[in-house]
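K.L.:
Predicted model and sequence below, questions to follow.
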Amino acid sequence: MAGAALLGRLTWLATEVVDAVQETPRVRTLVLEADGWTDHRAGQHVDVRLTAEDGYQAERSYSIASAPGRPLAITVEELENGEVSPYLVGEVRPGDRFEIRGPIGGYFVWDGTGEAPVLLVAGGSGVVPLMSMIRQRAAIGSRTPTRLLYSSRSWDDVIYRADLEEPGDGLEVFHTLTRSQPPGWTGYSRRIDAELLGEVAWGAVDEPRVFICGSTRFVDTAADGLVAMGYAPESIRTERFGATG
Amino acid sequence: MSIISRGFRGRGHEGPPDRVPPGQYLTDDFPVLSAGPTPHTPLEEWTFSITGGAEPVSWTWDEFRALPSEEITKDIHCVTKWSKLDTAWAGVSVDTLLEAVEHDASFLMAFCDGGYTTNLPLEDVSDGKAWVAYTYDGEPLDPEHGGPARLLVPHLYFWKSAKWVRRLDLRDEDEPGFWESNGYHLRGDPWLEQRYWGD
Amino acid sequence: MSVQDMKLDGNAIGGLLIEIFGTDLTGSMGVCASCGAQGHVAALDVYVHAPGIVARCRSCEAVMLKIVRSETRTWLDLSGTRTLEITSR
């Protein structure tokens, strides 16, 4: 009988860390090899499961940073008082193993195509799934006009900084640094507000598609701001990152 | 068989077995658990009532604060496996509250701002086992921890210590509340590890 | 982490929902039994820091989904969801 699978086929896959790249002082990208991994769509995430020797288990979700078709990579921010993130950012080294399941998510995905312009809004490590979308867009040579509005605490906290310095065809990147700015900084230096959105976002008349990712407060503020500008609520897709540690 | 991750360990630590029930670990912080938005009822509008007895009885915030209160230090145990020892509270004993009502009930359902409910046998809230607490660690109870007032029933799993409690409804039957109707044990004794239905 | 930041969305339980339903539900639509509002499962207000998972209607805050798991059992309360429209890819 045709149709979706009847049984959950999402199993935990044995995964090995093959490389670890420090992105910022508290953020690291782990390149993974997972037994039985199928490809993903840009914007999706994986669940990571760690098991301690005494059997204690912890699970967290992390967005996939890599473009589809490239080696699987997740980017993890170390949270103060976290239980899993300090381990993944501070302890894990190539050769270490854990389990993942995925890819997960059919809503917060973009294949990089489309006529309508796209606005990507990132708060801190919310940039991760959006970076997968940006990488996918570049890989297929897409012409979709795209803007990334990326809020970080400081220049040192900007993840994928080098990649974003050469955005490539048709992608514009706007940074706002909310806590401290480097000498000579001419970019935005405050939390996203209506005025900032008004200057950076596409006009609502262009019927843009929007993807916003970050903490709940960040996402809600940005989404409300865009709706106030006349964006149709259905054109905005959001993913709230939990600071679950 | 799950893969063991080199060097990973959970944050909790073991404690004295006579104080930490089976399957629990000790925590140093006070985790906030939440099933919905934090309610914020202004104190001028807040009342606490008991219904289901001969007559309903109700106290305003000022009246409630004027009731005899006690300081209590107790261990608490959450079904999500953390336990915290020697937590310090102040509040009104449920015995004091029940004295204001004529009734012959055997059970109660607690109703809270935000819609949460939990059920308890009267036996488990009598004789110095339960309070309506409004102070934690010497300070007014934080809204995220259930302030202005929450139920405190420390000998049972902490989901029974209903946050933002507003009313106790006295009943003849034990009916399941918010979590009890969806898998959690009707009574919830941590020393018997009564976490789920049928445990 | 502020208390507001503890509220997530349906994306956070994507993996769990695949385990239960066998397919990704985040892109599927749910109708609130309390107020009739329609929205993506990904756009529900989801609380995971609790004895179980509670997903609420973003319009009226009513509980649409409750999930509790033990090691061997899963309890699911969908009574707050009138209809779930599941899209297969």
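P.N.:
Good, I have the coordinates. Just so we're clear, the structure is a prediction, and the values are computed from it rather than from any experiment.
K.L.:
number of nearby residues for the closest residue to residue C:34 other than its chain neighbours?
P.N.:
In this structure, residue C:34 finds its nearest non-sequential neighbour in residue C:62, 3.7 Å apart by C-beta to C-beta, 6 or more residues apart in numbering or on different chains. For every residue, glycine as well, the C-beta is placed using N, CA and C. If you count neighbours by other C-beta atoms under 10 Å in any protein chain shown, residue C:62 ends up with 16.
K.L.:
mind checking pLDDT for residue C:62?
P.N.:
At residue C:62, the model reports a pLDDT of 98.
K.L.:
so, in contact with chain A or not, the longest strand seen in chain C?
P.N.:
For chain C, the strand that runs over the most residues, judged by DSSP state E, is strand C:63-69. No. Against chain A, strand C:63-69 shows no contacts by C-beta under 8 Å from any C-beta of the partner chain, the least distance being 11.5 Å.
K.L.:
which residues touch that strand?
P.N.:
Residues outside strand C:63-69 that contact it (C-beta atoms under 8 Å, 6 or more residues apart in numbering or on different chains) are B:36, B:115, B:179, B:182-184, B:196, C:13, C:16, C:20, C:30, C:32-33, C:44, C:51-57, C:74-78, C:80-81.
K.L.:
just checking: which of those also lie near chain A?
P.N.:
The residues of those that also fall near chain A, by C-beta under 8 Å from any C-beta, are residue C:20.
K.L.:
Buried ones among the contacts of strand C:63-69?
P.N.:
B:36, B:179, B:182-184, B:196, C:13, C:16, C:30, C:32-33, C:44, C:51-57, C:75-77, C:80-81 (16 or more other C-beta atoms under 10 Å in any protein chain shown).
K.L.:
Need phi/psi at the closest residue to chain C within chain B.
P.N.:
In chain B, the residue that lies nearest chain C is residue B:183 (3.4 Å; C-beta to the nearest C-beta). The phi/psi pair for residue B:183 (degrees, to the nearest 10) reads phi 120, psi -30.
K.L.:
The one 4 residues further on too?
P.N.:
The phi and psi torsions at residue B:187 (degrees, to the nearest 10) take the values phi -100, psi -50.
K.L.:
Those residues of chain B touching chain C, which are they?
P.N.:
So chain B meets chain C at B:31-38, B:78-80, B:115, B:144, B:159, B:179, B:181-184, B:195-197 (C-beta under 8 Å from any C-beta).
K.L.:
Let me see the contact set for the closest residue to residue B:101 other than its chain neighbours.
P.N.:
Distances taken as C-beta to C-beta, 6+ apart place residue B:53 nearest to residue B:101, at 3.7 Å, with adjacent residues excluded. Residues in contact with residue B:53 (C-beta under 8 Å, 6+ apart) are B:101-103, B:105, B:170.
K.L.:
and with 10 Å instead?
P.N.:
B:98, B:100-105, B:168-170 (C-beta atoms under 10 Å, 6 or more residues apart in numbering or on different chains).
K.L.:
follow-up on the earlier one: out of the contacts of strand C:63-69, which sit inside helices?
P.N.:
Judged by DSSP state H, helices contain the following of the contacts of strand C:63-69: C:16, C:20.
K.L.:
Among the contacts of strand C:63-69, name the ones in strands.
P.N.:
If you go by DSSP E, the contacts of strand C:63-69 have C:30, C:32, C:53-56, C:74-77, C:81 in strands.
K.L.:
Keep only those residues that also lie close to chain B.
P.N.:
C:53-54, C:56, C:74-77 (C-beta under 10 Å from any C-beta of the partner chain).
K.L.:
got the residues you listed as JSON lines, with pLDDT columns?
P.N.:
Formatted as JSON lines, these follow (pLDDT from 0 to 100):
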{"residue": "C:53", "pLDDT": "97"}
{"residue": "C:54", "pLDDT": "98"}
{"residue": "C:56", "pLDDT": "98"}
{"residue": "C:74", "pLDDT": "96"}
{"residue": "C:75", "pLDDT": "97"}
{"residue": "C:76", "pLDDT": "97"}
{"residue": "C:77", "pLDDT": "98"}
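K.L.:
Among these, which one lies nearest to residue A:238?
P.N.:
residue C:56 (15.5 Å; C-beta to C-beta).
K.L.:
Identify each buried residue in the helix or strand bottoming out on mean pLDDT in chain C, please.
P.N.:
Least confident helix or strand, chain C: helix C:14-21 with a mean of 93, by mean pLDDT, DSSP states H and E. Residues of helix C:14-21 classed as buried by neighbour count (16+ other C-beta under 10 Å): C:14-19, C:21.
K.L.:
So which of the contacts of residue B:53 is surrounded by the most neighbours?
P.N.:
Neighbour max across the contacts of residue B:53 (other C-beta under 10 Å) = residue B:168, 28 neighbours.
K.L.:
Is that one in a helix, a strand, or coil?
P.N.:
The three-state assignment at residue B:168 reads strand, by DSSP: H, G, I helix; E, B strand; the rest coil.
K.L.:
Contact partners for it?
P.N.:
Residues near residue B:168 by C-beta under 10 Å, 6+ apart: B:48-53, B:94, B:97-98, B:101, B:105, B:108-111, B:120, B:122, B:125, B:130, B:132, B:151, B:162.
K.L.:
just checking, which of those residues belong to strands?
P.N.:
Mapping the contacts of residue B:168 onto strands (DSSP E) picks out B:48-51, B:108-111, B:120, B:132, B:151.
K.L.:
ok, of these, which come out buried?
P.N.:
B:48, B:50-51, B:108-111, B:120, B:132, B:151.
K.L.:
which SSE is residue A:173 in?
P.N.:
strand A:171-177 (DSSP states H and E).
K.L.:
Can I get that strand in CSV, CA atoms only?
P.N.:
Extracted in CSV, the C-alpha atoms of strand A:171-177 (Å, rounded to 0.1, in the frame of the first residue of the first chain):
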residue,chain,number,x,y,z
LEU,A,171,23.1,37.4,-0.8
GLU,A,172,23.3,40.4,1.4
VAL,A,173,24.4,40.1,5.0
PHE,A,174,23.5,42.6,7.8
HIS,A,175,25.0,42.2,11.2
THR,A,176,23.9,43.8,14.4
LEU,A,177,26.2,43.5,17.4
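K.L.:
for the record, mean pLDDT for that strand?
P.N.:
Strand A:171-177 carries an average pLDDT of 97.
K.L.:
Could you do stretch B:70-85 as well?
P.N.:
Mean per-residue pLDDT for stretch B:70-85: 97.
K.L.:
List the buried residues of that stretch.
P.N.:
Neighbour-count burial for stretch B:70-85 [16+ other C-beta under 10 Å]: B:72, B:74-80, B:82-85.
K.L.:
Next one: the helix or strand bottoming out on mean pLDDT in chain B, is it in contact with chain A?
P.N.:
When the helices and strands of chain B are scored by mean pLDDT, DSSP H and E, strand B:25-26 comes last with a mean of 94. Yes. Legend: contact between strand B:25-26 and chain A by C-beta under 10 Å from any C-beta is shown at residue B:25.
K.L.:
Could you list every helix and strand that that strand packs against?
P.N.:
strand B:82-93 (3 or more C-beta pairs under 10 Å, 6 or more residues apart in numbering or on different chains; DSSP states H and E).
K.L.:
With that, I have no additional questions.
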